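Asks: Structure, please.
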Amino acid sequence: MSVAILGVGMMVGGCKSAPELPKDKALSMIQAHYDAAAPSGFEIRVNNDGMVQGATAKYWQRTTIYPNKYWADFKLTDQGKKLIKLSSGTDTIQWRPNGPTDPDFGIIVTTLALNHRKARDLKEIQDVGSKTKTVEFTEGVDLSGLPEMLVGMAHEPGNQLTTTRTATFVLDNNDWKLQTVD
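Replies: You can find the predicted model right below:
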């Protein structure tokens, strides 16, 4: 009987529990993942208000207005070429809404300022098994280094500056490692 108790005690004593994964450590691993990736620009959907803001900031200037009075072409200025590129690959915006007050029309520009994404707002870390944990968090674009007018355009409706992602961590040699960010 004492041998059986000793055997159970050794089995229980031999099982190590997984170390804790504090939120701050999880966040730092996720941010290190983003910092190791190549920096990138991000897309901004420019609506009618954004077109006015861009013209005021002298990022583009109107070169052609069409007979219907709401179609126009705009050429990127030298200043605009330093900040954005057009999805068309040209330096001319072809503004072609369905009407003078079309709320759904917009164009896509991509910032030339290259930044790393930022991780923040971790939810509660979830156990998926004894050796796996997941956590949802917010991935956001970094607007630092962009002029105020371009930041204003990024905050217009239709732009997505944050995304909810899930990070998966696995236990490796009694230490948590970031496995994936989905």
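
Asks: Would you map the strands across this structure?
Replies: Taking DSSP state E as the test, the strands found in the chain are 43-46, 60-65, 72-76, 84-86, 92-95, 107-111, 118-120, 126-129, 132-140, 162-172, 175-181.

Asks: now for those, which one comes closest to residue 25?
Replies: Closest approach to residue 25 among these (Cβ to Cβ): strand 175-181, 7.2 Å. From N, CA and C alone the C-beta is placed, and that goes for glycine too.

Asks: who touches the closest one?
Replies: 19, 21, 25-26, 29-30, 32-33, 132-133, 139, 165-171 (Cβ atoms under 8 Å, 6 or more residues apart in numbering).

Asks: distance between that strand and the chain's centre?
Replies: Taking Cα atoms, centre = their mean, to the nearest Å, one finds the center of strand 175-181 at 19 Å from the center of the full chain.

Asks: returning to that earlier point: of the contacts of strand 175-181, just the buried ones, ChimeraX syntax please.
Replies: A single ChimeraX command suffices to select whichever of those are buried according to 16 or more other Cβ atoms under 10 Å:
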select :21,26,29,30,33,133,139,165,167,169,171
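
Asks: domains of the chain?
Replies: Annotated domains of the chain cover 20-37+116-182, 42-112 [automatic domain parsing].

Asks: Between the two ends of stretch 54-69, what distance do you get?
Replies: Stretch 54-69 has an end-to-end distance of 19 Å (Cα to Cα, to the nearest Å).

Asks: Could you pull out the buried residues of that stretch?
Replies: Neighbour-count burial for stretch 54-69 flags 54, 57, 59-60 (criterion: 16+ other Cβ under 10 Å).

Asks: Export those residues to TSV and append columns for distance to residue 144 and pLDDT.
Replies: Formatted as TSV, the buried residues of stretch 54-69 follow (distance: Cβ to Cβ, whole Å; pLDDT from 0 to 100):
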residue	distance to residue 144	pLDDT
54	20	96
57	18	97
59	19	98
60	23	98
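
Asks: State the pair within these that is farthest apart.
Replies: Within the buried residues of stretch 54-69, two members stand farthest from each other by Cβ to Cβ: 57 and 60, at 8.9 Å.

Asks: hey, which helix or strand in the chain has the poorest pLDDT?
Replies: helix 2-14 (a mean of 45; mean pLDDT, DSSP states H and E).

Asks: In helices, which of the buried residues of stretch 54-69 fall?
Replies: Among the buried residues of stretch 54-69, the members falling in helices (DSSP state H) are residue 54.
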